[in-house]
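# build me a model:
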Amino acid sequence: MQYPFTRCQVFQFTGTDSLHQTLALQQQFNRNGQLVSETTYWGSTRWASERSYYKAAVLTKQIMWLPQLDNEKLKTTFAYNTQGQLMREVRFSYEKRRKKGLNKGHGSTGGDVLVKRDFQRRRTKEKTSEISYSYNDCGQLVLYDAPQRHYSTQNRYTWTYDSLGRVDRYTSFDQQQLIWGEHYHYFTDGYQYTQTWFAYDGLPAHLKPEQKGYQPQYTFTTYLDKQKRVVKAVTTNEKAELVSSQVKTYYLDGKLKKAVTLNKQGQPETTLLYYYY
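Modelled structure (predicted):
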């Protein structure tokens, strides 16, 4: 069966200035409706391009190019078990790396600013992450773990579920150090989760003074329509003050048509318009 569209373009404008729209995103899909290429833009500049590769409709590889970072390339490969569950993810980077012995960069005695001559002439390949995935007896993802090598300091994520199989808690760690946790609860027309960041002493960061590691605690509430599509999302802080919201509308065939992000005063900040071909 041929998927009803093969391309999507997303345009955006700020405030209410719909006359000055800029291209934000371009996507291309295969006949199964799977994303095969995606290009994001910042202003009028192409920021990143990503290509996805499939074998028997299963994602096996992704390659990303970053034109604004000297065309740096990132590659990710995926491996699955016989049940089709993702078990292993390996990431590589291809870039011009700093010259060995260079005493420059953020916080270094040689200065913070790096220039072209501080890097090697040729790009080299380097493994940046080895991620393993684990599942419970119900086939639900419970662990994302990269203990040896990871591109981010947050290298372990865990999930727990309620009696109905819904996500109950989602947490992030740096090795054994808890970074943040999300606790979920559900209602008839949607769901809500609160994200709490933690300081190095293990205490919630939103209880810390401003000068000693304070981090807001946000609650995200998502409202669904009868077709279980997101129609509204609201973000509040630990004082129950509105931070922002987003409203989504759809075409008659169910595809996303427009997403409007509003500030805490209820004024539109950014509007995304979706077109399909």
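# any idea what T236 is bridged to?
For T236, the beta-bridge partners under DSSP bridges are T219, L242.
# and if you look at P268?
With DSSP bridges as the criterion, P268 is bridged to L262.
# would you mind confirming that it is in contact with V260?
Yes - assessed by CB atoms under 8 Å, P268 is found in contact with V260 at 5.4 Å. Quick note: C-beta positions are derived from backbone N, CA and C, even for glycine.
# just the strands in the stretch 101-250 of the chain please.
124-135, 141-145, 156-161, 167-174, 177-187, 190-197, 218-224, 230-236, 242-250 (DSSP state E, counting those that start in this stretch).
# ok so, going back, which neighbours do P268 and V260 have in common?
Counting by CB atoms under 8 Å, 6 or more residues apart in numbering, P268 and V260 have no common neighbour.
# ok so, going back, of all the strands of the stretch 101-250 of the chain, which lies closest to Q26?
Ranking the strands of the stretch 101-250 of the chain by proximity to Q26 (CB to CB) places strand 242-250 first, at 19.8 Å.
# that closest one: which residues count as buried?
S245, Q246, V247, K248, Y250 (16 or more other CB atoms under 10 Å).
# adding pLDDT and distance to T219, write the residues you listed out as JSON lines.
Below are the buried residues of strand 242-250 laid out as JSON lines (pLDDT from 0 to 100; distance: CB to CB, whole Å):
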{"residue": "S245", "pLDDT": "98", "distance to T219": "12"}
{"residue": "Q246", "pLDDT": "98", "distance to T219": "15"}
{"residue": "V247", "pLDDT": "98", "distance to T219": "18"}
{"residue": "K248", "pLDDT": "98", "distance to T219": "19"}
{"residue": "Y250", "pLDDT": "98", "distance to T219": "25"}
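# what's the most distant pair in the residues you listed?
Counting by CB to CB, the most remote pair of these is S245 and Y250, 17.4 Å apart.
# switch the buried residues of strand 242-250 over to JSON lines; also include distance to K232.
JSON lines is the format used below for these (distance: CB to CB, whole Å):
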{"residue": "S245", "distance to K232": "7"}
{"residue": "Q246", "distance to K232": "7"}
{"residue": "V247", "distance to K232": "5"}
{"residue": "K248", "distance to K232": "7"}
{"residue": "Y250", "distance to K232": "12"}
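# check what pLDDT the closest residue to Q177 other than its chain neighbours gets.
Leaving aside its sequence neighbours, Q177 sits nearest to Y200 (CB to CB, 6 or more residues apart in numbering; 7.0 Å). With respect to pLDDT, Y200 scores 91.
# correct me, but Y200 touches Q176?
No - using CB under 8 Å, Y200 is not in contact with Q176, being 11.9 Å away.
# so between those two, which is more surrounded?
Neighbour totals were compared for Y200 and Q176, and Y200 leads with 11 against 6 (other CB atoms under 10 Å).
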